[in-house]
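Novice: The sequence and its predicted three-dimensional model are supplied below.
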Amino acid sequence: MKRFHVLPALLLCSAALAQTPAADPSAQQIIDALKGKPAASAPEAAASAPKVHRTRNLNVEAPPEPTSAPAPAPVTPPSNSISLAIQFDVNSDRVQPASMHTLTALATAMKSPELSKLRFRLEGHTDGTGQAAYNRKLSAMRAESVKRVLVINQVAPDRLVTEGKGSSELANPADPSAAENRRVRIVSLEP
């Protein structure tokens, strides 16, 4: 009986982890994410559906539970993408040395036989603090910095396009200043 309780918990955890930036993934984990290998999805539809109690031919719908204003839903990332927790100096596009290992693994993955023919979009994301125009500019500069590091690591520049998203697609909209909102998402441009 306990296994039935474990499965929903595992599904919910996997959905939460899909949105959280990866701190230090291996090259193989990056390859798997960018190839779009299917991950287990959370039963979101079941959670949002109203509870129905059946009594013979009568269906009684339970009233919705009172809530305060709902938090905006996080943006669902494409299945062929990975969000990486790349650390930058404050208000800067300078990649911190602690993130170089992650970017080296990303370059290794992009040069692998599985990904070597694909093109990628590097999306810079910021948290929700600060002005929107500044955040868009900063996120674009950070995406360009990641591109420079990848090119230094022999990834062809014509395979990489950059885009600054600013704070328009928060990973954690309930907490706009949360660290997981500051990330770089890598999206395969190939189906």
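Specialist: That came through, no problem. In this text the structure is predicted, and so the values were computed from the model without any measurement.

Novice: Wait, T162 touches R121, no?
Specialist: Yes - when contacts are counted by Cβ atoms under 8 Å, T162 is listed as touching R121 (7.4 Å). Placement of C-beta: from N, CA and C, glycine included.

Novice: who has more neighbours, the two?
Specialist: More neighbours surround T162 than the other of T162 and R121, with 20 against 16 (other Cβ atoms under 10 Å).

Novice: Direction included, what does the helix or strand containing that one pair against?
Specialist: Assigned by DSSP states H and E, T162 belongs to strand 160-166. Strand 160-166 has the following strand partners under DSSP bridges: strand 120-125 (parallel).

Novice: Can you list the buried residues in the next helix or strand after the strand it pairs with?
Specialist: Using DSSP H and E, the next helix or strand after strand 120-125 towards the C-terminus is helix 132-152. For helix 132-152, burial by neighbour count (16 or more other Cβ atoms under 10 Å) applies to 135-143, 145-147, 149-150.

Novice: Looking at the residues you listed, which is nearest P113?
Specialist: Proximity to P113 was ranked across these by Cβ to Cβ; first place goes to L150, at 17.4 Å.

Novice: What sits closest to that closest one if chain neighbours are left out?
Specialist: A107 (5.2 Å; Cβ to Cβ, 6 or more residues apart in numbering).

Novice: Tell me which residues touch that neighbour, please.
Specialist: V149, L150, N153, Q154, V155 (Cβ atoms under 8 Å, 6 or more residues apart in numbering).

Novice: If you drop the residues flanking it in sequence, what lies closest to the first one?
Specialist: Closest residue to V149 in three dimensions, ignoring its sequence neighbours and counting by Cβ to Cβ, 6+ apart: L103, at 4.8 Å.

Novice: ditto for the third one
Specialist: Nearest-residue entry for N153: A107, 3.5 Å, with adjacent residues in sequence omitted and distances by Cβ to Cβ, 6+ apart.

Novice: ok, which stretches of the protein are helices?
Specialist: 2-19, 27-34, 44-48, 100-110, 132-152 (DSSP state H).

Novice: Can you get me the start-to-end distance on stretch 116-133?
Specialist: 34 Å (Cα to Cα, to the nearest Å).

Novice: you'd agree V161 is up against R121?
Specialist: Yes - the pair V161 / R121 is scored as a contact, 5.1 Å apart, by Cβ under 8 Å.

Novice: Name the residues contacting each of these two.
Specialist: Residues touching both V161 and R121 (Cβ under 8 Å, 6+ apart) are L189.
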